[in-house]
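Peer 1: Compute the structure for the input listed below.
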Amino acid sequence: MSMTEPPPIVYVVDDDPDVLKAIERLLESAGHAVTTFPSPQQFLERHDPRVAGCLVLDLEMPGLSGLELQGILEQQASHLPIVFLTGHGDIAASVQAMKHGAADFLTKPVDDALLISTIRDALARDRSLRAARSERESIAKRLATLTERERQVLEHIVAGRRNKQIAAELGTVEKTIKFHRANLMRKLDVHVVADLVKLAERAGVRSKPGT
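Peer 2: Below is the predicted model:
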């Protein structure tokens with residue numbers, strides 16, 4: 001974490017003020033930054049998706065339910081890990097929540113150590129997702145600097161073709177392909193073909209079909 005990056009926040013949404021206070025005290029005692037909300041609506045109004053963290057979310061609440069809030073966040077392309085809490089142990093709801101990417105589903109009253117451990121895992125998941133997203137964005141920016149011809153050469157390289165084969169398929173000479181290949185590797189900041197292929201795969205670059 002950089003010096004200017006804010007610490008991850010554990011957001012807690014529950015309509016029971018006693019539950020909110022108890023979880024807030026527990027998590028703060030474990031060293032976490034905590035922000036609580038008595039309703040999903042207030043969370044949606046104040047949540048900043050740019051801030052790292054996770055969400056501890058009650059399943060059943062008046063107005064929007066926990067599952068409905070999860071659905072809204074999913075529509076917003078949010079990747080915030082969600083730990084659901086329920087006092088009913090609703091198996092069908094837990095299956096639906098997990099199917100839509102919930103980090104975990106715990107039954108109230110939840111064991112303190114289990115909740116802290118689950119939140120630690122959710123925060124680690126958030127860090128991993130954000131790091132992967134940042135990497136993809138960085139790769140996309142580098143790919144955007146390629147010319148159309150360099151992109152074509154890259155697709156052929158990913159398909160495992162040699163310079164001579166690429167030249168034949170693109171109707172040019174091998175020397176030109178070598179030139180494009182050197183340029184695109186420089187732009188993508190890789191030095192060996194194996195790293196180039198891995199980078200292209202992470203970015204979703206598809207190999208050029210054979211002719």
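
Peer 1: CA atoms for contacts and neighbours, from now on please.
Peer 2: OK.

Peer 1: Contact partners for the residue nearest in space to the middle of the chain?
Peer 2: In the chain, the C-alpha nearest the mean C-alpha coordinate belongs to residue 129, at 3.2 Å (C-alpha atoms, centre = their mean). Applying C-alpha atoms under 8 Å, 6 or more residues apart in numbering, we find residue 129 in contact with residue 79.

Peer 1: Could you rerun that using 10 Å?
Peer 2: By C-alpha atoms under 10 Å, 6 or more residues apart in numbering, the contact set of residue 129 is 79-81, 123, 135.

Peer 1: Can I get the buried part of those residues as one ChimeraX selection?
Peer 2: This is how ChimeraX selects the buried members of the contacts of residue 129, with burial counted by 16 or more other C-alpha atoms under 10 Å:
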select :79,80,81,123
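
Peer 1: quick check, nearest of the contacts of residue 129 to residue 34?
Peer 2: residue 123 (12.5 Å; C-alpha to C-alpha).

Peer 1: check contacts around the closest one.
Peer 2: Counting by C-alpha under 10 Å, 6+ apart, residue 123 has contacts 8-10, 52-55, 80-82, 103, 129.

Peer 1: Same check on residue 183?
Peer 2: 146-147, 150, 177, 189.

Peer 1: Following the chain onward from the helix or strand of the chain with the lowest mean pLDDT, which element is next?
Peer 2: Least confident helix or strand of the chain, by mean pLDDT, DSSP states H and E, is helix 91-99 with a mean of 74. Per DSSP states H and E, helix 91-99 leads on to strand 104-107 as the next helix or strand towards the C-terminus.

Peer 1: show me where this structure has helices.
Peer 2: Counting by DSSP state H, the chain has helices at residues 17-29, 40-46, 66-75, 91-99, 112-143, 148-158, 163-170, 174-187, 193-202.

Peer 1: Could I get the contacts of residue 183 in CSV, plus columns for neighbour count and pLDDT?
Peer 2: Below are the contacts of residue 183 laid out as CSV (neighbours: other C-alpha atoms under 10 Å; pLDDT from 0 to 100):
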residue, neighbour count, pLDDT
146, 18, 94
147, 13, 94
150, 20, 94
177, 22, 95
189, 14, 92
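
Peer 1: and the residues you listed, which two are the farthest apart?
Peer 2: 177 and 189 (17.9 Å).

Peer 1: any idea how far residue 194 is from residue 107?
Peer 2: The gap separating residue 107 from residue 194 is 47 Å, by C-alpha to C-alpha, to the nearest Å.
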